[in-house]
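**Student:** How does the following fold in three dimensions:
(2 chains)
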Amino acid sequence: MYRYDAVDKTMVRERVAQFRDQTQRFLAGSLSEDEFRHLRLRNGLYIQRHAPMLRIAIPYGLLATRQLRALASIARDYDHGYAHFTTRQNLQFNWPKLEQVPDILAELAEVEMHSIQTSGNCVRNTTSDHLAGVTPDELEDPRPWCEIIRQWSTFHPEFTYLPRKFKIAVTGAPQDRAATQIHDIGVHIVRGADGEPGFEILAGGGLGRTPILGQVVRSFLPREHLLSYIEAILRVYNLEGRRDNIHKARIKILVRSLGIEEFRRRVEAEFALIKDKGPKVDEGQIARMREFFTPPLYLNLEDSDPAAGRETEFRAWYKYNTVAHKVPGYRAVFVSLKHPAIATGDVTHAQMDLIADLADRYSFGEVRVTHTQNLLLADIEQRKAYEVWQVLRAAGLATPNIGTLTDMISCPGLDFCSLANAGSIEVTKLINQRFDDYDFLYDLGELEIKMSGCMNACGHHHVGHIGILGVDKSGEEWYQITIGGAAGNDAALGSVIGPSVPKHQVADTIARLLDVYLEEREGEERFLDTVRRVGVKPFKERVYAAPLAA
Amino acid sequence: MPRRLLRNHALESDEWRYVGEAASAVLDAKIPVIVEFLEWQNERGAWLSRGGRLGVVLSGESKLELIANDLPQLSLIACRFSGPSDGRGYTQGRVLRERYGFAGELRAVGYVRTDQLFFLARMGFDSFEMADADLEPGLASFATFSHAYQRSNDKGLPQTLSRGA
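**Tutor:** Down below sits the predicted model:
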């Protein structure tokens, strides 16, 4: 993975000093609440319901074990002993003390981590495919490009005060596992007609109050122009994006109001002016960056079936919680952070230490964060899978549910977030209680439930096969259900099935949706495919046909 | 009392006046005067015939194309930041320097706070109107970071683009 050089180290330490100074000025009263807000947000610090929330950047979801241990140590020393992984592959501490945040950042700087631009109206952490570099279907490892974008976007002086937040995702495989169509810019590594390496560039995607899927701005961009092209998009956005209404300030609204043709014309006009003067990425830079992402020293192994002859529980785990690896004899292993009794994406300091130990012993000292709020050990020898499973299982990290109904994405909701209208944690627990039969879950097959506690859609509810949105109804927590959304190559926004339901009826509502699916499904089709084939109507009719349990 | 500001990394007093700040400035060609963008659009000829040093203050909405041809006649361009979330001036400043080769004084006015100066300077701004209490801390803030990941129009910083991105 990327290692900081002297320049990177200096920059991060100088950021800590800057933020320490800003915090002291605020505490001393020389910075107003509002002035400090703009500064602390660009450093990932929110003021939440109970305490500040500090969001730490995990660039494209990649963690070294010493970094994970440092996060565990911070959770112990400065927080309540746990942390939360997010849909942007980042990590959040929910209970730090404001005056201690500079010390936390100083500890992070020692392990080459920071919270720069994890919030605020600027370019955020670049996200990517959690299977980058190990998936058999990959055209090219996207991580060197993610790091190039990370460095370029860090303290970019022109784009630190954008109309609104700006999220970039990069993927190098035909199968989109990074939800690129719901990003402000989606970058797809592609090959041109003559095999020339380059990118397809999407823009204008985003969720929130007005969900919109990204559209192709350029179907092929020679790779040396990546940063100039992103600069052209950002420049058009910085000048033309709306600043009068926070709900209309994302680039998606600009793209929609101009139309993709006019937006493209403006971007291309800007690009034509800067492409030879802007930041070009030359072959030497690409080669230098690739050096950081060379494959680890894999053993020469054969593929095997470690599940053969093992107990049912392990076989289920191996089937659902591991995926194919491009190197024979290896497997990528999910660490499920979807235990039925634990809030989605939460992990304790002891679990973080344990996962770090496992990664050191079995997976070349690296851990990845998925945008679905799980962790991944990317390089596990198949013959060691059983040992790994035993350790994970004992630590409550082997819930065999990856890709199934209970592998839900969810924001922290009203329990933590001051923006939320409704709770998420209790609803996910109620769903887990209702759907605790694994045979049933496995029979349902691939099913993505995504839940957000408010319109801001941190839990990506619009693109869940089943989406759940928390709404405030006269001071009560209610939930609006959508179906038919998707985040991958077949990205789509879900359709609302009807009036929202109270908290205790969410699980029943889902049960009725699943009844319709099980009656209607043909062959192996997924819930999503059935919805697409038969439409929303039969689902809607069933849910509201008879009163739900009071 | 003349306005104090930061210019070229130093505390200076401002010889410029905005129209309206001093009635005499309008007539006296010896006093350098800053004209609002709209006023400039409407009365360009009158201002040019006045002679003397002229500056124009832009808002975030001002289109640079409308002033590009006038730049040789202007000694100062000011970009006005309307609030903490108005970042259009960063692009305007950079484009004025890079695309139009504007070599005069580039001034940041309006909502300008200490913690923005580092970024503004990198875009090519070389003077800053700020509250008096912010001037001294502002002076120190140009040294916040000793490196940068992007090219810049602030010659004081190493251009580390070549090392990675």
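
**Student:** OK, contacts around the spatially closest residue to A:His462 that is not a sequence neighbour?
**Tutor:** Nearest residue to A:His462, sequence neighbours excluded (CB to CB, 6 or more residues apart in numbering or on different chains): A:Pro211, at 4.1 Å. Glycine gets a C-beta too; all of them are placed from N, C-alpha and C. Residues in contact with A:Pro211 (CB atoms under 8 Å, 6 or more residues apart in numbering or on different chains) are A:Ile182, A:Ala457, A:His462, A:Val463, A:Leu493.

**Student:** A:Met451 too?
**Tutor:** When contacts are counted by CB under 8 Å, 6+ apart, A:Met451 touches A:408-411, A:413, A:424, A:427-428, A:459, A:461, A:464, A:467-470.

**Student:** re the thing from before, how close does the residue nearest to A:His462 sit to A:Asp5?
**Tutor:** Noted for A:Pro211: a distance of 40 Å to A:Asp5, by CB to CB, to the nearest Å.

**Student:** can you check B:Gly45 too?
**Tutor:** Per CB to CB, B:Gly45 is found 56 Å from A:Asp5.

**Student:** residue ranges with poor pLDDT in the chain?
**Tutor:** Since you didn't name a chain, this refers to chain A. Counting by pLDDT under 70, chain A has low-confidence residues at A:48-50, A:550.

**Student:** wait, chain B
**Tutor:** Scanning chain B for pLDDT under 70 picks out the ranges B:25, B:152-165.

**Student:** In it, what residue lies closest to chain A?
**Tutor:** Nearest residue of chain B to chain A (CB to the nearest CB) works out as B:Gly87 at 2.6 Å.

**Student:** Tell me the spacing between that residue and A:Ile246.
**Tutor:** 14 Å.

**Student:** on that earlier part again, who has more neighbours out of B:Gly45 and A:Asp5?
**Tutor:** For B:Gly45 versus A:Asp5, neighbours defined as other CB atoms under 10 Å in any protein chain shown are more numerous around A:Asp5 (11 against 8).

**Student:** ok, residues contacting the longest helix along chain B?
**Tutor:** Longest helix in chain B by number of residues (criterion: DSSP state H): helix B:37-50. Outside of helix B:37-50, the residues within contact range by CB under 8 Å, 6+ apart are B:19, B:26-27, B:29, B:35, B:54, B:56-59, B:62, B:66-67, B:70, B:73.

**Student:** Just the ones of those residues in helices?
**Tutor:** Applying DSSP H to these, the entries found in helices are B:Val26, B:Leu27.

**Student:** Pull out the buried residues from the contacts of helix B:37-50.
**Tutor:** Those of the contacts of helix B:37-50 that meet the buried threshold are B:Val19, B:Val26, B:Val35, B:Leu54, B:Val56, B:Val57, B:Leu58, B:Ser59, B:Ser62, B:Ile67, B:Asp70, by 16 or more other CB atoms under 10 Å in any protein chain shown.

**Student:** Sort out which of the residues you listed are in strands and list them.
**Tutor:** With strands taken from DSSP state E, the overlap with those comprises B:Val35, B:Leu54, B:Val56, B:Val57, B:Leu58.

**Student:** May I ask which two of those are separated the most?
**Tutor:** Using CB to CB, those span at most 13.7 Å, a distance reached by B:Leu54 and B:Leu58.

**Student:** Thought A:Ala72 was touching A:His349, still the case?
**Tutor:** Yes - A contact is recorded between A:His349 and A:Ala72 when judged using CB atoms under 8 Å, the distance being 4.2 Å.

**Student:** what secondary structure does the residue of chain A found nearest chain B sit in?
**Tutor:** With distances taken as CB to the nearest CB, chain A approaches chain B most closely at A:Tyr161, which sits 2.6 Å away. Using DSSP: H, G, I helix; E, B strand; the rest coil, the structure places A:Tyr161 in coil.

**Student:** Number of residues surrounding it?
**Tutor:** Per other CB under 10 Å, the neighbour tally for A:Tyr161 reads 27.

**Student:** From A:Ser73, how far off is the closest residue to A:Ala72 other than its chain neighbours?
**Tutor:** Excluding the flanking residues, the one nearest A:Ala72 by CB to CB, 6+ apart is A:Met352, at 3.7 Å. A:Met352 sits 9 Å away from A:Ser73, going by CB to CB.

**Student:** Which residues of chain B lie near chain A?
**Tutor:** Contact residues (CB under 8 Å from any CB of the partner chain) of chain B with chain A: B:60, B:84-88, B:90-92, B:94-95, B:98-99, B:113, B:115-116, B:118-120, B:122-123, B:144-152, B:160-165.

**Student:** can you tell me which residues contact B:Ile34?
**Tutor:** Residues touching B:Ile34, when contacts are defined by CB under 8 Å, 6+ apart, comprise B:Trp16, B:Arg17, B:Tyr18, B:Val19, B:Leu54, B:Gly55, B:Val56, B:Val57, B:Leu76, B:Ala78.

**Student:** any idea which helix or strand carries the residue nearest to the spatial centre of chain B?
**Tutor:** Closest to where the C-alpha atoms of chain B average out (CA atoms, centre = their mean) is B:Arg107, at 1.6 Å. Secondary structure assignment for B:Arg107, by DSSP states H and E: strand B:105-110.

**Student:** same check, this time on A:Ile201
**Tutor:** Secondary structure (DSSP H and E) places A:Ile201 in strand A:197-203.

**Student:** which residues touch residue 116?
**Tutor:** Went with chain A since none was named. Contacts for A:Ile116 (CB under 8 Å, 6+ apart) come out as A:Val12, A:Arg15, A:Arg42, A:Asn43, A:Gly44, A:Ala57, A:Thr154, A:Phe155.

**Student:** if you could check chain B rather than the one you did, that'd help
**Tutor:** Taking CB under 8 Å, 6+ apart, one finds A:Tyr161, B:Phe81, B:Ala108 in contact with B:Gln116.

**Student:** repeat that for 10 Å
**Tutor:** A:38-39, A:157, A:160-161, B:81, B:84, B:87, B:89-90, B:108, B:125, B:128, B:130, B:138, B:141 (CB atoms under 10 Å, 6 or more residues apart in numbering or on different chains).

**Student:** Alright, calling it a day.
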